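Peer 1: The sequence isn't on hand, but the structure is:
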């Protein structure tokens, strides 16, 4: 984790690839109508043009100030995650157990050059178009509405700030210019070396 904060530039556009199980994003079904894809699908998301290490509270207060709300802090709700003092400002952790570590990512509607792409892997292979169509029938509907906190702070839809907190163990790679780190590969190599001694 320290390597991420020292190798990359805060606020510079980055590409982050995240792989995680699709189970929590899918409807489970029941009985004869049970979802046949449970435990078999990995969602691979590539976030391009996002910035790392930004602070949720400061970003919202700054955006609200630009919108003319100088008393924005009064409307800032407490969030479920908190700064991760052990690993530095680039990361946050869950408030309840402090057992999970997340990398802070952000983009906004005014930011150019950002994109999010999604691929599905079924039983270890890249899903075909027909398989994707069947998988997506089971996916929960994503009905994105603007954050109530941001509305209360006077931030309109055009200036909405988007935050993503991928769990560190789901990050496949982080790329920024010519810099490239594969956190999980490095972690597994370190674990293998530690067990060898």
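Peer 2: Noted; the coordinates are in hand. Just so we're clear, the structure is a prediction, and the values are computed from it rather than from any experiment. Numbering: from 1, shown residues only.
Peer 1: Where does pLDDT dip in this protein?
Peer 2: 1-3, 71-88, 108-111, 143-144, 186-191, 197 (pLDDT under 70).
Peer 1: Let me see the ranges of the strands in it.
Peer 2: Applying DSSP state E to the chain gives strands spanning 14-21, 41-52, 81-84, 88-94, 101-103, 105-108, 115-122, 125-126, 161-164, 171-176, 179-181.
Peer 1: Buried deepest among the ones you listed, which one?
Peer 2: Comparing the strands of the chain by mean neighbour count (mean count of other C-beta atoms under 10 Å), strand 101-103 comes out on top with a mean of 21. In this view, the C-beta of every residue, glycine as well, is placed from N, C-alpha and C.
Peer 1: packing partners for it?
Peer 2: Helices and strands touching strand 101-103, as assessed by 3 or more C-beta pairs under 8 Å, 6 or more residues apart in numbering; DSSP states H and E, comprise strand 81-84, strand 88-94.
Peer 1: Measure how far the last one is from the centre of its chain, please.
Peer 2: Here strand 88-94 is found 13 Å from its chain centre; the criterion is C-alpha atoms, centre = their mean, to the nearest Å.
Peer 1: And it, what does it pack against?
Peer 2: Using 3+ C-beta pairs under 8 Å, 6+ apart: strand 88-94 touches helix 2-7, strand 81-84, strand 101-103.
Peer 1: Among the strands of the chain, single out whichever gets nearest to residue 64.
Peer 2: With distances scored as C-beta to C-beta, the stretch of the strands of the chain nearest to residue 64 is strand 161-164 (9.7 Å).
Peer 1: Adjacent strands (with direction) for the closest one?
Peer 2: Note on strand 161-164: by DSSP bridges, its sheet partners are strand 105-108 (antiparallel).
Peer 1: How far away from the center of its chain is the strand it pairs with?
Peer 2: Here strand 105-108 is found 10 Å from its chain centre; the criterion is C-alpha atoms, centre = their mean.
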